[in-house]
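here is my input, please return the structure:
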Amino acid sequence: MSGDGNVPERFAELWEPPAVPPRWVIWHTGADEPMVFDRSSNFPVDVDDRFLPEVLRRMRTAGAPETDDYPGGPCA
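Numbering: from 1, shown residues only. Coordinates of the predicted model:
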């Protein structure tokens, strides 16, 4: 079995129904691809480009919010 077979599954918490306020946000930065932002760590999530479309699809299906505005808090 390939080690890459279930790699998107390690991001499963990203497409669980969002908490209030949501921890995981799809952030449109103006670049070609949106990114996943973790409001808890105040940092983007490193999702391999090969899996990003599937992770985003599952997040959208689960109702994750999307924004063009910076979703994090002030940097320390």
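
okay, CA-based contacts and neighbour counts for the rest of this
Will do.

which residue lies nearest the spatial centre of the protein?
In the chain, the centroid-proximal residue (C-alpha atoms, centre = their mean) is V36; its distance is 2.7 Å.

what sits against the closest residue to it other than its chain neighbours?
Leaving aside its sequence neighbours, V36 sits nearest to I26 (C-alpha to C-alpha, 6 or more residues apart in numbering; 4.8 Å). I26 makes contacts with 34-37, 56, 64-67, as judged by C-alpha atoms under 8 Å, 6 or more residues apart in numbering.

which residues in this protein form helices?
Applying DSSP state H to the chain gives helices spanning 52-62.

show me where it has strands.
Using DSSP state E, the strands of the chain run over residues 24-27, 35-38, 43-44, 66-67.

quickly run through the sheet partners of the first one, with directions.
Right, the one you point to is strand 24-27. Within its sheet, strand 24-27 is paired with strand 35-38 (antiparallel), strand 66-67 (parallel), according to DSSP bridges.
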